[in-house]
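# Sequence unavailable; structure follows:
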């Protein structure tokens, strides 16, 4: 693999590019001028709009996706002595949120094509202490929800979707966020839509929604009356204003991501040692990340792309069971070979809506030249 320097005058192609336009700016200014900056009517409007867009009865806005994961688990009564089955190949917030409740994450390996939790392994990991399954729709490809829902139903388990990377992804035409008992979305700036920072818990269960609403505001059941220990995990009207404007554009953002992903897959086809991402039949990929597998030389390719001015990222270089915070808790002796292999192979390339045809051609050309040298 050769080291090709960036051509003079070529612009940087970032891995992520939040699309903030005039409507987002006007929406924020309207909130600032209103004097109501904290959680208020704009948050309520955003919640109603997001619930309609997902196709659920309730969407509860929170301060981050991590906060949403934490509160969703608590709302389902998960805590000390419980186990929650999840994946070791994801961002650490997915498993940390289980630890926040004093429950125990139980890791099972992933499917090598979708990068999502393997349902055949989930059933084998169920014990009398298991209370929930927490699949992650990694990179925007949904986990095998029909199989996981069947397992959850047969074993009377809660199915909680970590949809933080999957806004608009679908299974047989139904959006993620409406496929389990409860789901969580992140609105971090790199996601398919953003509110600057924030998240959502979605559900059809009124009791779960009410519990999350109370927990996000110090356990408040009515003004200054607190029945349970809660948190300050509220969203502001400023953030909600950005989010509402983004939600109106999200279908267009996702369509652009899918077009860009199609062009990248067509352009990268046939490169020895490189495997483009898949989209399983009946599943709609949201392409939060466009993640390829590089059989050999992934890190060299990343450096070479950087020298050409093309951003890329490794999500994630160290599976959770190998992270010190988990090895210190006794997870170090476990082995999940697919997760461990993919941690050495995955590389995410730019796929965001701001890419031009010229950008896509440049990315494809650079990968070809570096991989085939």
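Received the coordinates, thanks. Not measured: the values here are computed from a predicted model.
# CA atoms for contacts and neighbours, from now on please.
Noted.
# Now do the strands in the stretch 201-350 of the chain.
Here the stretch 201-350 of the chain has its strands, by DSSP state E, counting those that start in this stretch, at 220-222, 225-226, 274-275, 283-284, 290-294, 346-349.
# strands paired with the fourth one, and their directions?
Sheet pairing for strand 283-284, assigned by DSSP bridges, gives strand 170-171 (antiparallel).
# ok, and what's touching the strand it pairs with?
With contact meaning C-alpha atoms under 8 Å, 6 or more residues apart in numbering, strand 170-171 is reached by 142, 145, 176, 282-285.
# helix or strand right after that strand?
strand 174-175 (DSSP states H and E).
# can you pull the contacts of the most centrally placed residue in the chain?
In the chain, the residue lying closest to the centroid (C-alpha atoms, centre = their mean) is residue 165, at 2.1 Å. The neighbours of residue 165, taking C-alpha under 8 Å, 6+ apart as the test, are 137-140, 185-186, 191-192, 288.
# now the residue found closest to it once you drop the neighbours it is linked to in the chain: how far from residue 215?
Closest residue to residue 165 apart from its sequence neighbours, by C-alpha to C-alpha, 6 or more residues apart in numbering: residue 140 at 5.2 Å. Residue 140 is 28 Å from residue 215, where distance means C-alpha to C-alpha, to the nearest Å.
# Pop the domain breakdown of this structure in here.
Using automatic domain parsing, the domain parsing of the chain gives 22-244, 250-372.
# Reformat those domains as JSON lines; add distance to residue 16 and mean pLDDT.
Below are the domains of the chain laid out as JSON lines (distance: least, C-alpha to C-alpha, whole Å; pLDDT from 0 to 100):
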{"stretch": "domain 22-244", "distance to residue 16": "6", "mean pLDDT": "97"}
{"stretch": "domain 250-372", "distance to residue 16": "6", "mean pLDDT": "97"}
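# so which of these is the most packed in?
Mean neighbours per residue, mean count of other C-alpha atoms under 10 Å, is largest over these for domain 22-244, with a mean of 21.
# That one: end-to-end distance?
13 Å.
# for residue 309, what are its contacts?
Taking C-alpha under 8 Å, 6+ apart, we find residue 309 in contact with 6, 10-13.
# Looking at those residues, which is nearest residue 243?
Checking those against residue 243 by C-alpha to C-alpha gives residue 13 as the nearest, at 24.8 Å.
# So what's the residue count around the closest one?
23 (other C-alpha atoms under 10 Å).
# Bridged to it, which residues?
Beta bridges link residue 13 to residue 310, judged by DSSP bridges.
# Double-check it against residue 359; I have them as touching.
Yes: with contact defined as C-alpha atoms under 8 Å, residue 13 reaches residue 359; the gap is 7.1 Å.
# what's the residue nearest to the centre of the chain sitting at in phi/psi?
phi -110, psi 20 (degrees, to the nearest 10).
# show me where the stretch 151-300 of the chain has helices.
Ranges of helices within the stretch 151-300 of the chain are 206-215, 237-268, 298-307, based on DSSP state H, counting those that start in this stretch.
# just the angle between the second one and strand 290-294, please?
This points to helix 237-268. Inter-element angle recorded for helix 237-268 and strand 290-294: 40 degrees (by axes from the mean of the first three to the mean of the last three C-alpha atoms, to 10 degrees).
# Going by distance to residue 326, which of the contacts of residue 165 wins?
Out of the contacts of residue 165, the member with the shortest distance to residue 326 (by C-alpha to C-alpha) is residue 138, at 20.4 Å.
# Quick one: residues contacting that closest one.
Here residue 138 is in contact with 90, 114-116, 163, 165-166 (criterion: C-alpha under 8 Å, 6+ apart).
# Out of the helices of the stretch 151-300 of the chain, flag the one nearest residue 99.
helix 206-215 (17.1 Å).
# Packing partners of that closest one?
Counting contacts by 3 or more C-alpha pairs under 8 Å, 6 or more residues apart in numbering; DSSP states H and E, helix 206-215 is packed against strand 58-62, helix 65-75, strand 199-203.
# could you check the angle helix 65-75 makes with it?
Relative orientation of helix 206-215 and helix 65-75, computed by the same axes, to 10 degrees: 120 degrees.
# roughly how far apart are residue 264 and residue 283?
In terms of C-alpha to C-alpha, residue 264 sits 19 Å off from residue 283.
# and stretch 34-49, how far apart are its ends?
From its first residue to its last, stretch 34-49 covers 21 Å (C-alpha to C-alpha).
# ok, and what's touching it?
Defining contact as C-alpha under 8 Å, 6+ apart, one finds that stretch 34-49 is touched by 31, 58-61, 234-238, 240-241, 243-244.
# same question, stretch 208-225
So stretch 208-225 is contacted by 58-60, 62, 71-72, 75-76, 201-203, 226-234 (C-alpha under 8 Å, 6+ apart).
# Toward the C-terminus, what is the element adjacent to the host helix or strand of residue 29?
Under the criterion of DSSP H and E, residue 29 resides in helix 22-34. Using DSSP H and E, the helix or strand that follows helix 22-34 in sequence is helix 41-54.
# now the angle from that following helix to strand 199-203?
Going by the same axes, to 10 degrees, helix 41-54 makes 50 degrees with strand 199-203.
# What score does residue 2 have for pLDDT?
At residue 2, the model reports a pLDDT of 49.
# before we move on, what about the one 3 residues further on?
Residue 5 carries a pLDDT value of 61.
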